[in-house]
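1. what shape does this take:
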Amino acid sequence: MSVDFDLQLAGEFESLPTPDQFRAWVRAALQGREPAELTIRIVGETESRQLNKRYRGKDYATNVLSFSADVPEGIDLPLLGDILICAPVVASEAAVQG
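-> Sure, this is the predicted structure:
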């Protein structure tokens, strides 16, 4: 399977899954859609809030933002895009949901 996966950590966060766990989830999610390239960026509340405000007009940190790749027509690249996960918001939601 040809899945190119980039994990970016924009800070230090407690209790994150391991890079191998992220890789396994990405491969499972993209099974049958290879080749594919995807970036997952783990961010804090400040970056999440800034991007949520800029791209969605909502002035608060959110759990996940996704950005599809804008590949020009005629360019054959397997770029899917970027997923931003706000670790503090996801951790808070998980605690509330048990």
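2. give me the secondary structure label for Lys58.
-> coil (DSSP: H, G, I helix; E, B strand; the rest coil).
3. not counting its neighbours along the chain, what's nearest it?
-> For Lys58, ignoring the flanking residues on the chain, the nearest one in space by C-beta to C-beta, 6 or more residues apart in numbering is Asn52 at 5.0 Å. Where you see a C-beta, it was placed from the backbone N, CA and C, and this is true even at glycine.
4. measure the one you found to Phe5 for me?
-> Noted for Asn52: a distance of 24 Å to Phe5, by C-beta to C-beta, to the nearest Å.
5. pick out whichever of the two has more residues nearby.
-> Counted by other C-beta atoms under 10 Å, Asn52 and Phe5 do not tie: Asn52 has more neighbours, with 20 against 17.
6. you'd agree that one is in a helix?
-> Yes. Under three-state DSSP, Asn52 falls within a helix.
7. what sits against it?
-> Residues near Asn52 by C-beta atoms under 8 Å, 6 or more residues apart in numbering: Lys58, Asp59, Tyr60, Ala61, Thr62, Leu65.
8. where does the protein dip in pLDDT?
-> Applying pLDDT under 70 to the chain flags residues 1.
9. now do 90
-> Along the chain, segments meeting pLDDT under 90 span 1-5, 11-16, 19, 23-24, 26-38, 68-81, 98.
10. how about the strands of it, start to end?
-> Listed in chain order, the strands of the chain (DSSP state E) span 3-9, 36-43, 64-68, 79-86.
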